[in-house]
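# Quick one: sequence plus predicted model below, questions after.
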Amino acid sequence: MKALVALLLLTQLLNCKSIPVGPFQPLLSRVIDCDDPESEEAAAIAVDYINSHNLHGYKFALNSIEKIKVLPRRPTGELFLLELDLLQTECHIVNPLPAENCTVRPITDHVVEGECDVKLLKLDGSFSMLSRKCHSKPDSAEDIIQICPDCPLLAVLNDTRVINAVNLALAQYNGEHEDVYLRLVEIGRAQILHLPDSVSVEFAVVVTNCSGKDAQEHVDGCLPEDQVRFGFCKASVLTEGNITVSCEVYGHQAGVTHDHLTKEHLGGEIPSLSKGFKHHDLRHFHRGPAQDTSDSSSQEAPVATPPAAPVAKRDVGAVLDPSHPPPPIDPIPGHRLPLCPGRIRHYQV
């Protein structure tokens with residue numbers, strides 16, 4: 001009986017017609033230019049996310065979109081992979097002004113440049129951040145000196161001259177404004193000038209629940225108000241004792257507490273992570289759900305790799321003429337390379 005059943009199954013298998021399976025057809029990535037409105041929308045959302053999740057230092061502005069790649073995502077949506085070039089603004093993170101309204105630091109002010117690789121998901125017409133990987137660095141001293149030989153360079157944030165200048169400036173401001181007492185939450189940046197011999201500093205502060213008189217009696221009890229308010233100060237301290245300091249205090253921002261500043265660094269000289277550094281690196285000071293990892297909940301569809309582009313001879317005059325840039329080479333019919341990098345919004349570092 002078992003032999004009969006086995007024979008019947010074998011007969012059915014032999015009679016089955018094979019179904020030909022064609023070669024797998026991978027999906028092609030969609031090509032858009034770095035200055036395409038869709039690219040700029042994705043970049044704007046990424047920069048806003050980076051600024052809103054930055055723990056220390058200053059807000060950044062988009063300078064250019066260096067690269068972009070759009071990949072299909074299974075089961076739905078698209079992945080946008082962008083390389084962004086950013087520039088530090090004059091707005092500290094406690095400043096409520098939107099980054100797009102902040103002034104980008106001039107290159108002679110020893111500018112800090114940021115570079116970010118970001119991944120966004122576009123689903124049903126809306127973008128959301130999946131991951132980002134950023135770092136920032138000051139422009140090289142050689143470049144600054146070449147542009148402006150007399151411009152001061154960034155100083156190390158825990159330099160004793162910097163810390164002393166901040167303490168003197170804040171003490172003078174509090175002495176001149178007895179109705180409110182400010183406490184230091186972070187030194188933003190500093191520059192040491194030799195002619196005249198002075199220290200220029202910028203630092204963030206928080207308004208406490210004390211007056212100047214209260215602070216004289218129990219300064220350790222001077223804590224941020226329930227409706228926390230932050231401020232930002234700039235000061236110049238000359239070695240002979242002349243101090244110029246100005247502070248701007250911002251109104252209460254609903255939902256904004258900056259607990260990492262008010263609880264971890266209140267009254268401290270500088271955050272421990274920035275000791276020995278001249279600026280607050282984007283590499284270290286980020287928080288939020290979009291970490292430096294890939295999107296584990298989605299799958300990128302296989303993407304065909306275009307064949308190597310052939311080398312084409314071009315007219316030298318046309319290549320050198322900026323008003324007639326050469327078009328990207330089409331590696332395969334119907335597929336072209338994106339026009340990247342995009343436009344420079346401020347200046348080239």
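Yep, it's here. All of these numbers come straight from a predicted model, not from anything done at the bench.
# Could I get the full set of strands for this protein?
Using DSSP state E, the strands assigned to the chain run over residues 58-74, 78-92, 112-123, 126-138, 182-194, 197-207, 230-238, 243-249, 299-300.
# Any idea which of the ones you listed gets closest to Arg345?
strand 58-74 (5.4 Å; C-beta to C-beta). No exception for glycine: its C-beta is placed from N, CA and C like everyone else's.
# Tell me which of the strands of the chain sits nearest to Ala44.
Short answer: strand 58-74, nearest of the strands of the chain by C-beta to C-beta, at 7.1 Å.
# same for the closest one, what does it pack against?
Counting contacts by 3 or more C-beta pairs under 8 Å, 6 or more residues apart in numbering; DSSP states H and E, strand 58-74 packs against helix 37-52, strand 78-92, strand 112-123, strand 299-300.
# ranking those by burial, who's on top?
strand 78-92 (a mean of 22; mean count of other C-beta atoms under 10 Å).
# tilt between that strand and helix 37-52?
Interaxial angle of strand 78-92 relative to helix 37-52 (axes from the mean of the first three to the mean of the last three C-alpha atoms, to 10 degrees): 50 degrees.
# Pull the distance from strand 78-92 to the chain's centre.
Relative to the chain's own centre, strand 78-92 is displaced by 5 Å; criterion: C-alpha atoms, centre = their mean, to the nearest Å.
# Give the rounded mean pLDDT of that strand.
Strand 78-92 shows a mean pLDDT of 97.
# relative to strand 58-74, how tilted is that strand?
For strand 78-92 against strand 58-74, the angle by the same axes, to 10 degrees is 170 degrees.
# returning to what we had before: any chance of JSON lines for the strands of the chain, columns distance to Gly276?
Shown next, in JSON lines, are these (distance: least, C-beta to C-beta, whole Å):
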{"stretch": "strand 58-74", "distance to Gly276": "19"}
{"stretch": "strand 78-92", "distance to Gly276": "19"}
{"stretch": "strand 112-123", "distance to Gly276": "16"}
{"stretch": "strand 126-138", "distance to Gly276": "14"}
{"stretch": "strand 182-194", "distance to Gly276": "13"}
{"stretch": "strand 197-207", "distance to Gly276": "17"}
{"stretch": "strand 230-238", "distance to Gly276": "22"}
{"stretch": "strand 243-249", "distance to Gly276": "26"}
{"stretch": "strand 299-300", "distance to Gly276": "40"}
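# Nearest to His260, out of these?
strand 182-194 (9.5 Å).
# what helices or strands is the closest one leaning on?
Partner elements for strand 182-194 (3+ C-beta pairs under 8 Å, 6+ apart): helix 160-176, strand 197-207, strand 230-238, helix 259-262.
# What pLDDT is listed against the residue nearest to Ala44 when sequence neighbours are not counted?
Nearest residue to Ala44 in three dimensions, chain neighbours excluded: Leu62, at 7.1 Å (C-beta to C-beta, 6 or more residues apart in numbering). pLDDT for Leu62: 98.
# For Leu62, list the residues it contacts.
Counting by C-beta atoms under 8 Å, 6 or more residues apart in numbering, Leu62 touches 43-44, 47, 84-86, 345.
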